[in-house]
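K.L.:
Task: produce atomic coordinates for the following.
(one chain, ligands or ions: 1)
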Amino acid sequence: MTENAIITARGLRKSFGPTEALRGVDLDVRRGEVLAVMGPSGSGKSTLLHCLAGVVVPDEGTVRVAGRDVTALDEAARSRLRLAEFGFVFQFGQLLPELTAADNVALPLLLAGTPRGRARTAAHAALARLDLAGAERRYPTELSGGQAQRVAIARALVTRPKVLFADEPTGSLDSLAAEHVLTAMLDLVREDGTTVVLITHDPRTAAHADREVIVRDGRIGASSGMVA
Ligand code: ADP
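P.N.:
A predicted model of the protein is given here:
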């Protein structure tokens, strides 16, 4: 399994003051795998995702992504790595309200130095892949919750990241919209071979993953291919 791993985490520990959020986590994520991370609230799931993605540096342990030791990089290098190789989706899409859907999606490309015309073409294509052709000029307040999450997913995938990190991406949606958004996201990542680390508390969401791990009290408690 390690041979095929795109992410290898070993001995991760992270405390916030007296709170031990992670207490020794080892985890491999295979290339192209959709991994669901489940577990109770406060168990350390988001901290784990942030450590894997180079947002948070663990107190102890290492994270290697595609052979690179992320924990050894400084803040600027981790920031470049995140922009170039990772995509992020959160529970609330965090779209910029003053930008249209297309401009929100184009933003990571523009930040990476892509010329404006090419960024716009790619943004339109990404929106079309998420069934949002025609919504390019709408502002976030003019979108439904499910549409807004699909725009956020388009923005996360427009750079063709190696890994998509998703923290409760459908957590704010009703179950019908959640199913639609999740299916749209997973169809795309499976087509592109994108690796996904997906935090969810919903067993129906986890059932779409290739594998799930359960975080309990800062440790990986169980691992299986089955639904909890
Ligand atoms: P989960 O995602 O499973 O809900 P988290 O990783 O967000 O869990 O949090 C794990 C523990 O670490 C919790 O007790 C939480 O309160 C604490 N924690 C997480 N981030 C911070 C932070 N930035 N400052 C202080 N405590 C934090």
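K.L.:
List the buried residues of the longest helix seen in the chain.
P.N.:
Criterion DSSP state H: the longest helix present in the chain is helix 175-192. Under the neighbour-count criterion of 16 or more other CB atoms under 10 Å, helix 175-192 has 177-182, 184-186, 188-189 buried. Where C-beta positions appear, they are placed from N, C-alpha and C, glycine not excepted.
K.L.:
who touches it?
P.N.:
Helix 175-192 is contacted from outside by 34, 89, 129-131, 144-146, 149-150, 153, 157, 160, 164, 166, 169-170, 173, 194-196, 202, 204-205, 208, using CB atoms under 8 Å, 6 or more residues apart in numbering.
K.L.:
buried subset of the residues you listed?
P.N.:
Among the contacts of helix 175-192, the ones that count as buried (16+ other CB under 10 Å) are 34, 89, 129-130, 145-146, 149-150, 153, 157, 164, 166, 169-170, 173, 194-196, 202, 205, 208.
K.L.:
Among those residues, which lie within strands?
P.N.:
34, 89, 164, 166, 195-196 (DSSP state E).
K.L.:
Show me where this structure has its helices.
P.N.:
45-52, 75-85, 101-111, 116-129, 145-157, 175-192, 203-206.
K.L.:
name the helices or strands packed onto the fourth one?
P.N.:
Think helix 116-129. Helix 116-129 sits against helix 101-111, helix 145-157, with contacts defined as 3 or more CB pairs under 8 Å, 6 or more residues apart in numbering; DSSP states H and E.
K.L.:
what's the spacing between the last one and its chain's center?
P.N.:
In other words, helix 145-157. Taking CA atoms, centre = their mean, to the nearest Å, one finds helix 145-157 lying 12 Å from the centre of the chain it belongs to.
K.L.:
Contacts for that helix next, please.
P.N.:
87-90, 93-95, 101, 104-105, 107-108, 123, 126-127, 129-132, 135, 140, 143, 164, 166, 169-170, 172-173, 177-178, 180-181, 184-185, 188-189, 192, 194.
K.L.:
Spell out for me which residue occupies the centre of the protein.
P.N.:
Phe165 (1.5 Å; CA atoms, centre = their mean).
K.L.:
Could you list everything that one pairs with in the sheet?
P.N.:
Phe88, Val197 (DSSP bridges).
K.L.:
who's in contact with it?
P.N.:
So Phe165 contacts 49, 52-53, 86-89, 196-197 (CB under 8 Å, 6+ apart).
K.L.:
how close does it get to Leu35?
P.N.:
Look at Phe165 and Leu35: by CB to CB, to the nearest Å, they are 10 Å apart.
K.L.:
before we move on, what about Arg68?
P.N.:
19 Å.
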